[in-house]
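**Q** I would like the atomic coordinates for the input below:
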Amino acid sequence: MKLIHFDVINSTNTFLKDNYHNYQHLTFVSADSQTKGKGREAKKWLSEKGKNLLFSVLIKNEKLIEKYKTLSIVCGYSVLEVLMDYGLSNISIKWPNDVYVDDKKICGILLEAVSKQEIECLIVGIGINVNQKNFEEEYAITPTSIRNQLGKCIQLDKFKIDIYSNLISNFKLIEEDYDFYSQLRKYDYLKGREVFALVSNEKKLVKVLGINSDYSLSVITEGKKIDLETGQISFSL
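**A** Purely as a prediction, here's the structure:
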């Protein structure tokens, strides 16, 4: 594991995408602030400087690259485990990998691939709201933070190490073909909900049946059951 930290950077994901060939597997790049932080679907990830955990991790292991669907959702589960250890409750994973507490978003995850002839690496960007108290921008989903949930500040350096350590432990389990499904299904935020979803660029009302054992998502739309892969759908709750 190699740790790199910046005071300010445009984006930790962008840094690794531009420099992945210079760094080893499991290089973690964090920052106090990002000027162009990215979320899914080209959304911005906004964060107050020095209050939250903002980082990306470089994945070069072939097994983990092959198991990108598992990797994506297990990253969310890894964050969830640590948050539970810190005393948070009513936590869930909104497929494919966001983490919610009390119906509010506390963590967002962006998985990106660097490809030439084939995938050369994956970059997992993770933003966790830790000590930020106020969220003044307009958000599609109301944010929260560990501080807001527990009513106290968290030692950010220790929290960072706890998150990194749990990610590495779970990455090793993925390499060993460990099946996380029995744990994940307990924390399925969307299961049983009727939500508007953008399916193949068309907005539809769908009933979510839940996460499948292969980490796809099963929904019913227009009377038909379909299984969706990561990236094929976005939700409006």
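
**Q** Name the surrounding residues that touch the longest helix seen in the chain.
**A** Counting by DSSP state H, the longest helix found in the chain is helix 156-175. With Cβ atoms under 8 Å, 6 or more residues apart in numbering as the test, helix 156-175 has contacts from 1, 3, 26, 28, 30, 50, 53, 55, 57, 59, 61, 63-64, 67, 70-71, 74-75, 77-79, 81-82, 85-86, 126, 128, 130-131, 146, 180. No exception for glycine: its C-beta is placed from N, CA and C like everyone else's.

**Q** again, but for stretch 145-153
**A** Contacts for stretch 145-153 (Cβ under 8 Å, 6+ apart): 51-52, 83, 86-88, 101-102, 106, 128-133, 154, 159.

**Q** which parts of that stretch are buried?
**A** Within stretch 145-153, the residues scored as buried using 16 or more other Cβ atoms under 10 Å are 145-149.

**Q** For stretch 170-185, which residues meet the burial criterion?
**A** 170-171, 174, 180, 184.

**Q** Just the buried residues out of the contacts of stretch 145-153, in ChimeraX syntax.
**A** Buried residues among the contacts of stretch 145-153 (16+ other Cβ under 10 Å), as a ChimeraX selection:
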select :51,52,83,88,101,106,128,129,130,131,132,154,159
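
**Q** Of the contacts of stretch 145-153, which belong to strands?
**A** Judged by DSSP state E, these include 101, 106, 128 as members of strands.

**Q** if we take those residues, which one ends up nearest to residue 193?
**A** residue 101 (16.8 Å; Cβ to Cβ).

**Q** Quick one: residues contacting residue 95.
**A** 73, 188-190, 211, 217.

**Q** Give the other helices and strands that the helix or strand residue 114 falls within contacts.
**A** Element membership for residue 114 (DSSP states H and E) is strand 104-115. Packed against strand 104-115 by the contact rule (3 or more Cβ pairs under 8 Å, 6 or more residues apart in numbering; DSSP states H and E) you find helix 12-19, helix 68-85, strand 98-101, strand 119-128.

**Q** could you give the angle of the first one to strand 104-115?
**A** An angle of 10 degrees separates the directions of helix 12-19 and strand 104-115 when computed by axes from the mean of the first three to the mean of the last three Cα atoms, to 10 degrees.

**Q** CA-only coordinates of helix 12-19 in PDB, if you can.
**A** Coordinates of each C-alpha in helix 12-19 appear next as PDB, following Å, rounded to 0.1, in the frame of the first residue of the first chain:
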ATOM      1  CA  THR A  12      -8.000  12.200  -6.900                       C
ATOM      2  CA  ASN A  13      -9.600  10.000  -9.600                       C
ATOM      3  CA  THR A  14      -8.200  12.300 -12.300                       C
ATOM      4  CA  PHE A  15      -4.800  12.200 -10.700                       C
ATOM      5  CA  LEU A  16      -4.700   8.400 -10.800                       C
ATOM      6  CA  LYS A  17      -6.100   8.200 -14.300                       C
ATOM      7  CA  ASP A  18      -3.300  10.500 -15.500                       C
ATOM      8  CA  ASN A  19      -0.600   8.800 -13.600                       C
END
